[in-house]
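# Any chance you could fold what I've pasted below:
(3 chains)
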Amino acid sequence: MPIITLLTDFGSLYPAQMKGRILSRIPEATIVDIAHDIPPQNIEAGAFALMATAVHFPLGTIHVAVVDPGVGTDRAGVIVESGGHLLVGPDNGLLLPAARALGKPRAWRIGGSPRASPTFHGRDIFAPIAAILASGRRPETLGETILPVDLDYGVPIEEGRRLRARVIYVDRFGNAVLNCKQIPWDCACLKGHLLRRRSTYAQARAVEPLIILGSHGHEEIAVNQGSAAEMFHLAPGDEIVLEEGPCSKESYRSE
Amino acid sequence: MPIITLLTDFGSLYPAQMKGRILSRIPEATIVDIAHDIPPQNIEAGAFALMATAVHFPLGTIHVAVVDPGVGTDRAGVIVESGGHLLVGPDNGLLLPAARALGKPRAWRIGGSPRASPTFHGRDIFAPIAAILASGRRPETLGETILPVDLDYGVPIEEGRRLRARVIYVDRFGNAVLNCKQIPWDCACLKGHLLRRRSTYAQARAVEPLIILGSHGHEEIAVNQGSAAEMFHLAPGDEIVLEEGPCSKESYRSE
Amino acid sequence: MPIITLLTDFGSLYPAQMKGRILSRIPEATIVDIAHDIPPQNIEAGAFALMATAVHFPLGTIHVAVVDPGVGTDRAGVIVESGGHLLVGPDNGLLLPAARALGKPRAWRIGGSPRASPTFHGRDIFAPIAAILASGRRPETLGETILPVDLDYGVPIEEGRRLRARVIYVDRFGNAVLNCKQIPWDCACLKGHLLRRRSTYAQARAVEPLIILGSHGHEEIAVNQGSAAEMFHLAPGDEIVLEEGPCSKESYRSE
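Reported below is the predicted structural model:
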């Protein structure tokens, strides 16, 4: 029973067309949606979502990810094998952070198909490739090895008591995930607000902003019972500047 | 083939992480999404959605529900058994209306886990517990019996010819579900509009508001071919006051 | 392992109730969501989505589709067989474009059920019928043959160098699908903008509007790295007037 995950920026309808193609070849496949609401064409947000999620799936899982502004151009398709998982999608960096989180990546180039729609490789190339891999075919029989396009969230830039970081993902609660694995302070200022480090959202008061290390290992700007994205007007791709903040001794609700 | 349902306020991404954890232990599980768009941290709306849906699943189904503003605090986790179903989630009342709709609830406290993320018990505690239960383990081997936290939608308050009720859920059509199983009148006034009781939406004229008994057994404020939530500015948690209305003899389209 | 697809305008919650009913009868069914975000009560948009998707599923798939403004009235329910697929839903035209795309349709009328909720035939009639069909029952044992209600997107009207067409679907990228399989020009004007025909989105410059033949065989108005629905204020049901446009010789990025 192969497990195939799907991650796209397609919304509805198109993911189902991919599932139809997969089930036509592998009726017993278990297909799991990771997300189809990635901000349109935002490769970085898609890469983060895939990285945060793929590691929780069992060995042998095949991940198909399609955030693909270059569909139909000469950008290649790619199969990546890493840590016992396979990843399939456009060769635009989308798969690499997840592949590195899973293990040591190796990659093969996928050729196009004369019958493929120039606008929907997810359905006409990547989904069928995933089904072929799920049926046991090895990636090295499907293409030449390549060095895949990489994607790097970069690291925050420290400038004295300032830290310049980038928002790479915003979740449904309005939590803004940063390209940062450790803010070096217990308190920080952002746009005139003081943010205290917390280990749970509920440690902060209602609608109080906070810093928290997300369950995916990246730092987040959050607001207890509120939305940091709304309070600070944050969206994926935005740059923010944090400043070291004064931590008062007061430690309300620091249970 | 165990069936496991998921209900959360997580949007996308995080439910897939829960599925990865479940499938890692029980690859043959059938996982069904009930809803992941519960208004953030709205336990009451989540409880209604679970109650309205769990009863339609077969005996033996395991329901994992996570609307969990207190994640990481000392609120307990709980397994509830009722009517041949199992329910798993935070002990904050979320599971109880569904459990009572299914049968006579019994409950066991789930301990924390030192390796659990303080912000994501859905993935690190509740999903693994569901998988363990799906593999046949009995809840009494996983924790002590407890009296779970209850949740009560309350009952509408009658004040002469007035009825004070609360909106507990709003669906995609803008239908507003009330904490009320029977409005005692055939016509009611709400914010200056006359609402007639109907048995189907189509009995009302276009954009005419109406009262209808929902398929879940609660009364709804609805608008044929429109949205009651928009017309009357209704959201989960809002209190409304209905007044007995004058029913004219005219019965347009009362086929 | 029967495959059952679901397409509705229900959002969340109600589709899960349908799945509970299906799995109660056929626990081994593979259930695939096509879309649950069809614009409320928009039969035409639902019909397009089903037509574009059903053809990608294997023989024997059962498609349940419910966009049903007339639920509870005397509109009939219908089973349609076409090209080795079965389709189940209200007899309001929703199923017919997909059925014609699949093959040569035959249809049977489904009776009501005294125990069915007057507001939720998806759960109480169509889902159980799909499960009964999935268990091998033939449609002719479930109802009399009927001539189902048809739905026709119409064809665009040519008026000299003008083409009057209708938007029948808008996807998450804001691409507007037309009731038109071939715009006869390589360039067209829409609301003062020049739209060039492209074979991939990336051939256009950033935020440049374009005409493209969608992967479903209908013409689309699109904007590279943007949203045609936003740029031109387009929604399903809108009528647009395209005018033959002057194609300059310049062919930027026409790789």
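
# Quick one: name the residues of chain A near chain C.
Taking CB under 8 Å from any CB of the partner chain as the measure of proximity, chain A contacts chain C at A:9-14, A:16-17, A:19-21, A:23-24, A:27-28, A:31, A:40-41, A:69-74, A:117-120, A:123-124. Where you see a C-beta, it was placed from the backbone N, CA and C, and this is true even at glycine.

# In helices only, show me those.
Cross-referencing these against helices under DSSP state H gives A:14, A:16, A:17, A:19, A:20, A:21, A:23, A:24.

# okay, stretch A:44-54 in CSV with CA atoms only?
Provided in CSV are the C-alpha atoms of stretch A:44-54 (Å, rounded to 0.1, in the frame of the first residue of the first chain):
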residue,chain,number,x,y,z
GLU,A,44,9.6,29.2,-0.7
ALA,A,45,6.4,28.8,1.3
GLY,A,46,5.7,25.5,-0.5
ALA,A,47,9.2,24.3,0.2
PHE,A,48,8.8,25.1,3.9
ALA,A,49,5.4,23.3,4.1
LEU,A,50,6.9,20.2,2.5
MET,A,51,9.9,20.2,4.7
ALA,A,52,7.9,20.6,7.9
THR,A,53,5.6,17.7,6.9
ALA,A,54,7.5,15.0,4.9
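
# tell me the mean pLDDT for it?
In this model, stretch A:44-54 has an average pLDDT of 98.

# Contacts for it next, please.
Stretch A:44-54 has contacts (CB atoms under 8 Å, 6 or more residues apart in numbering or on different chains) with A:5, A:7-9, A:34-35, A:38-39, A:61, A:63, A:65, A:67, A:85, A:87, A:93-98, A:100-102, A:151, A:153, A:168-169, A:177, A:216, A:218, A:236-237, B:12-13, B:16-17, B:20.

# Just the buried ones from the residues you listed?
Taking 16 or more other CB atoms under 10 Å in any protein chain shown as the criterion, what is buried in these is A:5, A:7-9, A:34-35, A:38-39, A:61, A:63, A:65, A:67, A:85, A:87, A:93-98, A:100-102, A:151, A:153, A:168-169, A:177, A:216, A:218, A:236, B:12-13, B:16-17, B:20.

# mind listing what residue A:158 touches?
A:164, A:184.

# Could you measure from the closest residue to residue A:8 other than its chain neighbours over to chain C?
Once flanking residues are discounted, residue A:8 sits nearest to residue A:66: 4.6 Å by CB to CB, 6 or more residues apart in numbering or on different chains. From residue A:66 across to chain C, the span is 13 Å (CB to the nearest CB, to the nearest Å).

# Backbone dihedrals for residue A:66, please?
Dihedral pair for residue A:66: phi -140, psi 100, per degrees, to the nearest 10.

# And for it, the neighbour number?
Number of residues near residue A:66 (other CB atoms under 10 Å in any protein chain shown) recorded here: 28.

# ok, back up a step: put the buried members of the residues of chain A next to chain C into a PyMOL selection.
Filtering the residues of chain A next to chain C down to the buried ones (16+ other CB under 10 Å) takes a single PyMOL command:
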select buried, chain A and resi 9+10+11+12+13+14+16+17+19+20+21+23+24+31+40+41+69+70+71+72+117+118+119+120+123+124
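
# Could you chop chain A up by domain?
A:3-141, A:157-254 (automatic domain parsing).

# so of those, which one's packed in deepest?
Among the domains of chain A, domain A:3-141 has the highest mean neighbour count (mean count of other CB atoms under 10 Å in any protein chain shown), at a mean of 21.

# what about it, how long is it end to end?
For domain A:3-141, the first-to-last residue distance is 21 Å (CA to CA, to the nearest Å).

# Kindly report the same for stretch A:74-91.
Start-to-end, stretch A:74-91 (CA to CA) is 10 Å.

# how about that stretch, does it get close to chain B?
No: against chain B, stretch A:74-91 shows no contacts by CB under 8 Å from any CB, the least distance being 10.8 Å.

# What are the phi and psi values at the residue nearest to residue A:201 when sequence neighbours are not counted?
Nearest non-adjacent residue to residue A:201, counting by CB to CB, 6+ apart: residue A:224, 4.8 Å away. Phi and psi for residue A:224, reported as degrees, to the nearest 10, are phi -60, psi 130.

# next one: residue A:81
phi -110, psi 130.

# what's the spacing between the nearest residue to it once chain neighbours are set aside and residue A:30?
Nearest non-adjacent residue to residue A:81, counting by CB to CB, 6+ apart: residue A:106, 5.2 Å away. For residue A:106, the distance to residue A:30 (CB to CB, to the nearest Å) stands at 25 Å.

# again, but for residue A:112
Using CB to CB, residue A:112 is found at 28 Å from residue A:30.

# residue ranges with poor pLDDT in chain A?
A:249-255 (pLDDT under 70).

# Write out the residues of the stretch 1-150 of chain A neighbouring chain B.
A:1, A:3, A:5, A:30, A:32-37, A:49, A:52-58, A:61.

# Near chain B, which residues of the stretch 151-255 of chain A are found?
A:171-173, A:199-203, A:212, A:214-215, A:225, A:255.

# try 6 Å this time
Applying CB under 6 Å from any CB of the partner chain, we find that the stretch 151-255 of chain A lies next to chain B at A:172, A:173, A:199, A:200, A:202, A:215.

# For the residues you listed, work out which two are farthest apart.
Maximum pairwise distance in these, criterion CB to CB, is 21.0 Å, between A:172 and A:199.

# Do I have it right that the residue nearest to residue A:201 meets residue A:203?
No: the pair residue A:224 / residue A:203 is not scored as a contact, 7.8 Å apart, by CB atoms under 6 Å.

# roughly how far out does stretch A:189-198 sit from the chain middle?
25 Å (CA atoms, centre = their mean, to the nearest Å).

# residue ranges for the strands of chain A, please.
Taking DSSP state E, the strands of chain A run over residues A:3-8, A:30-35, A:62-66, A:77-82, A:85-90, A:106-110, A:157-159, A:162-170, A:176-178, A:187-190, A:193-197, A:209-213, A:219-223, A:239-244.

# tell me what the longest one is packed against?
Using 3 or more CB pairs under 6 Å, 6 or more residues apart in numbering or on different chains; DSSP states H and E, the elements in contact with strand A:162-170 are helix A:43-54, strand A:176-178, strand A:239-244.

# same check, this time on the fourth one
Packed against strand A:77-82 by the contact rule (3+ CB pairs under 6 Å, 6+ apart) you find helix A:96-102, strand A:106-110.

# got the contact list for that strand?
Residues outside strand A:77-82 that contact it (CB atoms under 6 Å, 6 or more residues apart in numbering or on different chains) are A:87-88, A:91, A:95, A:99, A:102-103, A:105-108, A:110, A:125, A:139, A:148.

# ditto for the second one
Strand A:30-35 is contacted from outside by A:1, A:3-7, A:19, A:49, A:53, B:12-13, B:16, B:19, using CB under 6 Å, 6+ apart.

# hmm, 7 Å instead?
Strand A:30-35 has contacts (CB atoms under 7 Å, 6 or more residues apart in numbering or on different chains) with A:1, A:3-7, A:15, A:19, A:22, A:49-50, A:53, B:12-13, B:16, B:19, B:23.

# And for the first one?
Taking contacts as CB under 7 Å, 6+ apart, the residues outside strand A:3-8 that touch it are A:15, A:18, A:22, A:29-36, A:38, A:46, A:49-50, A:57-58, A:61-67, A:122, A:130, A:134, B:16, B:23.
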